[in-house]
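# I would like to see how this sequence folds:
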Amino acid sequence: MVKIKSRSEIEKMKAAGRYTYETLKAVGEAVRPGVTTRQLDKIAEHYIHSKGCTGSFKGYDGFPGTICASVNDTVIHGFPDDVPLKEGDIVSVDVGACYQGYHGDACRTFKVGKVDEETERLVRVTRESFFEALKFARDGYRVSDISRAVQNCVEAAGFSVLRNYCGHGVGSDLHEDPEVPNYLTRSRGIRLRAGMVIAIEPMVCGGKNDIYVADNEWAVITRDGAKSAHYENTVLITSGDPVLLTFPDGCDEVG
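Down below sits the predicted model:
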């Protein structure tokens, strides 16, 4: 069931979104060659707790980290570990902060030092596909309008979208209805209404979208070894322009 948020719920989600954004900013500032994703996880955990929040991911169905740290060919759900990041890597950091029972959820793909031209393009197109989709995150449009916009942008650039996982509603539960696919399905999806909050999150493979799940039963990895990128914000549907709860007005972009 899709939940329409009340004014008081939206205020809590704005706070959760702001802290999620600020956590990503703190993590992004620490990304450099030689840093481990476990160190990045500690930064995120400390910042979230300093704001009186809890991490949305840690312990979720047994997930061990505060962040999902997905390096290079790991598309999503990578475990933080002690392997140092290298020049030319990319790392997708997905994080959520829970404030007074309500969640923010966002992801950015960070470049580690200087990356090659094709990797740069992959990260840029992934971000662009989100903002193409955002044009349709409005009262009266359907979920399928968002899906079409992501797919068209990504495939026009020669990349592919992950089909096994998708965006979702956000609120007092981290994952709520509706599902928000990044490609057109047979269903047009529900019609968006003011007061809905959704996570739009293009997950883009630099090669084919054929994937496998690692032995840890979490990390999703491209079978061809191609790099991947992920970009996500928690979005409030209003009667006018959508509001990016995890990208506050006046803040510089992260990633």
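# from here on, contacts and neighbour counts on C-alpha atoms
Noted.
# can you show me the strands along the stretch 1-150 of the chain?
54-55, 67-71, 74-76, 90-99, 102-111 (DSSP state E, counting those that start in this stretch).
# just put those in a markdown table and tack on mean neighbour count.
As requested, the strands of the stretch 1-150 of the chain are arranged in a markdown table below (neighbours: other CA atoms under 10 Å):
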| stretch | mean neighbour count |
| --- | --- |
| strand 54-55 | 23 |
| strand 67-71 | 27 |
| strand 74-76 | 27 |
| strand 90-99 | 28 |
| strand 102-111 | 27 |
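# out of the ones you listed, which is closest to Arg223?
Among those, strand 74-76 comes nearest to Arg223, with 9.6 Å by CA to CA.
# now do that closest one: everything it contacts.
The contact list for strand 74-76, computed with CA atoms under 8 Å, 6 or more residues apart in numbering, reads 68-70, 92, 203-205, 219-222, 227-230.
# what's the closest of these to Gln100?
Cys68 (22.1 Å).
# relative to Gly52, how far out is the closest one?
21 Å (CA to CA, to the nearest Å).
# Ile200 too?
Separation of Ile200 from Gly52 (CA to CA): 26 Å.
# of the two, who's got more company?
Shown here are Ile200 and Gly52; by other CA atoms under 10 Å, Ile200 has more neighbours (29 against 12).
# quick check: the more buried one touching His230?
No: distance between Ile200 and His230: 10.4 Å, which falls outside the contact criterion (CA atoms under 8 Å).
# buried ones in stretch 109-129, by neighbour count?
109-112, 119, 122-123, 125-129 (16 or more other CA atoms under 10 Å).
# show me the contact partners of stretch 136-143.
Under CA under 8 Å, 6+ apart, the answer for stretch 136-143 is 145-146, 180-181, 188-194, 235, 237-242.
# can you flag which of those residues belong to strands?
Those of the contacts of stretch 136-143 mapping onto strands are 180, 235, per DSSP state E.
# whichever of the contacts of stretch 136-143 end up buried, select them in ChimeraX.
Only the buried entries of those go into this ChimeraX selection, using 16+ other CA under 10 Å:
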select :145,146,180,181,189,190,192,193,194,235,237,238,242
